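Enquirer: following is a predicted model, sequence given first.
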Amino acid sequence: MRGTPRALLKPFTETTGLARWMLVAGVLLTAVFVVFAVFAPWIAPYGFAQASSGGTPFPKLGHPSSQHWFGTDRLFFDVYSRVIWGARTALKVVVLSIVLCVLLGVPLGLASGYYGGWFDRFVVLVMDAMYAFPSFLLAIVFSFLLTNVYGGSVVAVSLSLTAVYIPQYFRVVRNTTLSAKEATYVEAARAIGASDGVIMRRYLLQNVIQSVPVLGTLNAADAILTLAGLGFLGLGIQSTDAAEWGHDLNRALADAGSGVWWTGLYPGLAIVLLVTGLTLVGEGLNETLNPTLRRRRLLPVVMPPRNVSTPAEEEQG
Amino acid sequence: MTMDLSDETVAAASAREPVISARDVRVWYGTTRGAIRAVDGVSFDLAPGETLGLVGESGCGKSTLGRGLMGLLPEGAKRDGEVLFRGRDIFTLSRKASYQLRGRELGMIFQEPLTRLNPLMRISQHFEETIKQHEHGLSKDEIRDRALEVLRLMGIPPTRYKSYPHEFSGGMRQRLMIALALVLRPAFVVADEPTTALDVLVEAQIVQILNDLRRNFQTSLLLITHNVGIVAEACDRVAVMYAGRIVEQGTVAEVFKHPQHPYTRELLRSTISLTTTGLNFIPGAPPDLVDPPDGCRFHPRCPSAMNVCASKNPVDIERPGGGRVECWLVGPEDQIPPGGKQPLKQEELTVADEA
Amino acid sequence: MSRAGSGSLPRYILQRILLVIPMIWVILTVVFVLLRVAPGDPVSAALGSKLNAQALQQRREALGFNRPLIAQYWDYLSSVAHLDFGTTFRDNQPVLRVVRDNGGATLTLTAAAFVIALVVGIPLGLLAGRYRDSAPDVVIRLFGIVSYAAPVFFVGFLLQLYVAERLGLPTSGDASPITVFEVKPKTHILLLDALLSGNGTAIQDVLKHLVLPATTLGLLICGIFIRLVRVNMLQTMQADYVEAAEARGIARGKVTWRHGFRNALVPVITVVGLQFALLLGGAVLTEPTFNWPGIGYKLVFYINNRDYGAVQGIITIFALAVVLISVLIDIVNALIDPRVRF
């Protein structure tokens, strides 16, 4: 575990020029939104569903002003506060769905890869079918069903996203397990009589868990977009339950005709910036980890001038 | 080891002006740790129609030398020195001029024939592309005739002219690559381990083809290989490379019969033949070329190392019997400091080094 | 020795088609399990506010919802096999007719978006991959990332706000009412019908309506094309045969064009085909943004009305379309790349 900090820094120390700047920019952008999410109650001036302050109601569709930096929307809510709180919703949903993906996908992939047989074949078939399905449509179907059960809550949307991304985790973990299973140290463990559970926990999990962070980063960007898309269709989280950028944009679309730009611009920019940040991190990691794309930082070659001492020799005199 | 060299060939070859005359060639790679001195001051000459075998362990810089001559170096690599091709220094040519030279006058045969042909292009298209690039105004029929003639020499039937690369076996693809490299009859060809990726029977076939090059194409060949047997079979002269330097060169017969450099001797001893009774190997590994050892680069592994070898670079001198060699054992005596001939205590060669 | 005779191509196609049947079966099963076995009563969810208890019960019986699940499953599979995708609950229409009436609009939108994405994305991706880490590469990559990161409804919002009025482009629907009235429906694809009618004003009107939605959806896919093409180009330029071509002195431009671009585009064709799924997902979001009367717009309408019948039917058709397109792409790929065939 001591090597972990160095391993985490590897993408920074081993990349060069552009790839490194993209990674740094991505990490910074993402970090800003994580700060928004964690400290939302302190950063946002108002609550996400607050329509008045100190007895004075907010204006409807009010222009950006010193009280409301980003203006107010048609529900009298403060746009700036909703953008900040939106980061919290996004983070909650993404973290929850990735945790669920890991909790469900990793053991399933491990067991499927380790035991094989009909169980493996069945799970692979179902997962492949889910993977072949257009992912956004799958998210729509799931949230369509889950909003019936749970209402438009963070849990319902997270579960929908989990359903969309779980096949990817399953695949990666199963494939890693299949190849790790044949490794000599696992065979040795089996030879000295380690039980299946011990082998999976001690030997295979260690191997498999390394691929999860990269996958998680890459999925997070996509998850933010899916969350916003569901919100835009009204399948996501309701305005009064939490601030959600996609749903806010849905309401803002009606304002565009009357020239009201602030209700849509800011939540939209928030999505673009966060997804861009996460994508930059994902691409940066990919460029460092994928050997066909990687470019190491090379030290420039400085040759001392030729020493003229050796005269041209005659061959085979 | 058969020496099928007639004295006439050697004599005839040496009578003419060299096609390639390389002096002090250096090729360094950039890495995260500093420059790798893959080729560090190499000189040789190559006469028309002559085949020079370049042997050495993997990582000694022999492939890098070949690529450096062709100008096919990765980003961050630098080359330096003087390589005269028919009197012109090819290291200082403009980009356009060096492109014109490549393919037409300088050819290259690669190690892995399977991936060197564009899988989406027919064999015919490869030939058309190459010939059209260098000889303008040829009709499709003329191109076809020229390509088929080379293919015939390589034993590829004309019926396969329109096939795709994946329809050929590995050995056939290497023959295709050789045909492609030779179709414009270049004066100088680099063959970089052309048989390493092939099985033994195919290897013999390719060696035979390379052997015939001199007769059929008047081509000078730099044959890079780690296989001493191939050098004995197909080359006129041999250059032995170690850690970025050519340590000994001369006619194959002379060098193989009377090796002067201890590395050459060890290399020859470690090859397996019918008379081999026990396996010989050179202890230790080639040095780190970012920071090569002082003095002679072979001294940490050399069984006959002397004190001078660890401190002073060996001098390139004429080898007894013809050729060149770089080793203090051969001389020059007058440059060895007093006490320099004492045997060196080989403390560096520990277990850790061998692991 | 010659393995790539033309005879093996039909066999490959047949194989590919046979392989798709179990896939379709699994996908249909997944759809069925999700929508029928899920908790809650679909009929009352959709119509509970409109009908009384007795009428609801009648509808349930008519739809076969009181039969055992296995019988319902069998009904579903066999009706899909007969191209019957059920009826909507809300307005009691065959789903197939809904798809036929609105499919033309979706087809027009996705096709136009696809063309825009190809025309913009592929050259940009090739350029960025060829001149890696240069200024154009940086700009193109950022453009690609941002255009993917921007949700279609946000791009739509910006276009409606800042572009539509300035260029005099409509932001809603696929044509003016007068055009719809004047153009005789023949193909159910408005653009084709307008072209067939030869009515200049109508054609212009339809095209004007298409510009903004197609650009919006096209931008989404364009970002992905740029990324894919760029990475493929990078990897292709490192291929052994590219170096071999350079060793033969083939001019830089020709190497880039013949060995680089061409070979980089072959794997892209497969992946580009897979983006059809994304295109459909994007259309579901683009259509409501511009009130574009396509299947996606309808799907959102039925979703908001909790119409299980319509959702199940439309999703089934979408899933089948995606699978069939992927087969088609594989076949096209086999025609282009001689290595795939054997």
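Expert: Received the coordinates, thanks.
Enquirer: so stretch C:109-118, near chain A or not?
Expert: No. Figure legend: stretch C:109-118 not in contact with chain A (CB under 8 Å from any CB of the partner chain); closest approach 12.2 Å. In short, each C-beta sits where N, CA and C put it, glycine included.
Enquirer: quick one: that stretch to chain centroid distance?
Expert: Computed by CA atoms, centre = their mean, to the nearest Å, the chain-centroid distance of stretch C:109-118 equals 10 Å.
Enquirer: over to stretch B:109-127?
Expert: Taking CA atoms, centre = their mean, one finds the center of stretch B:109-127 at 22 Å from the center of the full chain.
Enquirer: which parts of that stretch are buried?
Expert: B:109-124, B:126-127 (16 or more other CB atoms under 10 Å in any protein chain shown).
Enquirer: inside strands: which ones of those?
Expert: residue B:109 (DSSP state E).
Enquirer: out of the buried residues of stretch B:109-127, which are inside helices?
Expert: B:123, B:124, B:126, B:127 (DSSP state H).
Enquirer: relative to residue B:42, how far out is the residue sitting nearest the centre point of chain B?
Expert: Closest residue to the average C-alpha location of chain B: residue B:224 at 2.9 Å, with CA atoms, centre = their mean. Separation of residue B:224 from residue B:42 (CB to CB, to the nearest Å): 13 Å.
Enquirer: give me the common contacts of these two.
Expert: Contact criterion CB atoms under 8 Å, 6 or more residues apart in numbering or on different chains; residues shared by residue B:224 and residue B:42: residue B:65.
Enquirer: wait, what's in contact with residue 196?
Expert: I'll assume chain A. So residue A:196 contacts A:114, A:115 (CB under 8 Å, 6+ apart).
Enquirer: um, chain B though
Expert: If you count contacts by CB under 8 Å, 6+ apart, residue B:196 has them with B:111, B:225, B:226, B:227.
Enquirer: now that we have these, which one has the most neighbours?
Expert: Neighbour tally across the contacts of residue B:196 (other CB atoms under 10 Å in any protein chain shown): the maximum, 23 neighbours, falls on residue B:225.
Enquirer: that residue pairs with what?
Expert: Counting by DSSP bridges, residue B:225 is bridged to residue B:55.
Enquirer: circling back: the residue nearest to the centre of chain B and chain C: what is the separation?
Expert: For residue B:224, the distance to chain C (CB to the nearest CB, to the nearest Å) stands at 14 Å.
Enquirer: residue contacts, that residue?
Expert: By CB under 8 Å, 6+ apart, the contact list for residue B:224 reads B:54, B:62, B:63, B:65, B:66, B:190, B:191, B:192, B:193.
Enquirer: would you format the residues you listed as a markdown table with neighbour count and distance to residue A:190 included?
Expert: Formatted as a markdown table, the contacts of residue B:224 follow (neighbours: other CB atoms under 10 Å in any protein chain shown; distance: CB to CB, whole Å):
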| residue | neighbour count | distance to residue A:190 |
| --- | --- | --- |
| B:54 | 29 | 49 |
| B:62 | 29 | 45 |
| B:63 | 21 | 43 |
| B:65 | 29 | 49 |
| B:66 | 23 | 48 |
| B:190 | 28 | 51 |
| B:191 | 28 | 48 |
| B:192 | 24 | 45 |
| B:193 | 20 | 41 |
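Enquirer: now those residues as a markdown table including distance to chain C and pLDDT?
Expert: Output for the contacts of residue B:224, formatted as a markdown table (distance: CB to the nearest CB, whole Å; pLDDT from 0 to 100):
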| residue | distance to chain C | pLDDT |
| --- | --- | --- |
| B:54 | 17 | 93 |
| B:62 | 17 | 87 |
| B:63 | 13 | 89 |
| B:65 | 15 | 91 |
| B:66 | 10 | 90 |
| B:190 | 9 | 93 |
| B:191 | 12 | 91 |
| B:192 | 10 | 90 |
| B:193 | 14 | 88 |
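Enquirer: among the residues you listed, name the ones in helices.
Expert: Members of these lying in helices (criterion: DSSP H): B:62, B:63, B:65, B:66.
Enquirer: which residue, neighbours along the chain excluded, lies closest to the second one?
Expert: Ranked by CB to CB, 6 or more residues apart in numbering or on different chains and with sequence neighbours excluded, the top spatial neighbour of residue B:63 is residue B:192, at 5.4 Å.
Enquirer: tell me if residue B:317 really is in a strand.
Expert: Yes. Read with DSSP: H, G, I helix; E, B strand; the rest coil, residue B:317 is one of the residues of a strand.
Enquirer: could you give the number of residues near it?
Expert: Neighbourhood size, residue B:317 [other CB under 10 Å]: 16.
Enquirer: can you pull the poorly scored residue ranges out of the chain?
Expert: I went with chain A, as the question did not name one. Within chain A, the set of residues satisfying pLDDT under 70 comprises A:1-18, A:151-152, A:210-211, A:289-298, A:306-317.
Enquirer: switch to chain B, that's the one I care about
Expert: Counting by pLDDT under 70, the low-confidence segments of chain B come to B:1-16, B:272-279, B:346-355.
Enquirer: point me to the residue of the stretch 51-200 of chain A nearest chain C.
Expert: Of all residues in the stretch 51-200 of chain A, residue A:136 sits closest to chain C, at 3.0 Å by CB to the nearest CB.
Enquirer: next one: the stretch 251-355 of chain B
Expert: Closest residue of the stretch 251-355 of chain B to chain C, CB to the nearest CB: residue B:289 (22.6 Å).
Enquirer: okay, now that residue: neighbour count?
Expert: Neighbourhood size, residue B:289 [other CB under 10 Å]: 23.
Enquirer: which bits of the stretch 1-150 of chain A sit near chain C?
Expert: So the stretch 1-150 of chain A meets chain C at A:17-18, A:22, A:125-126, A:128-130, A:132-137, A:140-142, A:144-145, A:148-149 (CB under 8 Å from any CB).
Enquirer: please check those residues and keep the buried ones.
Expert: A:18, A:22, A:125-126, A:128-130, A:132-137, A:140-142, A:144-145, A:148.
Enquirer: ok, residue C:203 to residue C:293 distance?
Expert: Look at residue C:203 and residue C:293: by CB to CB, they are 18 Å apart.
Enquirer: neighbour count winner among these two?
Expert: Neighbours were counted for residue C:203 and for residue C:293 using other CB under 10 Å; residue C:293 has more, 21 against 18.
Enquirer: just give me the neighbour total for the nearest residue to that one once chain neighbours are set aside.
Expert: Distance criterion CB to CB, 6+ apart; nearest residue to residue C:293, sequence neighbours excluded, is residue C:105 at 5.1 Å. For residue C:105, the count of nearby residues is 27 (other CB under 10 Å).
Enquirer: ok, now residue C:176?
Expert: By the measure other CB under 10 Å, the count of residues near residue C:176 is 16.
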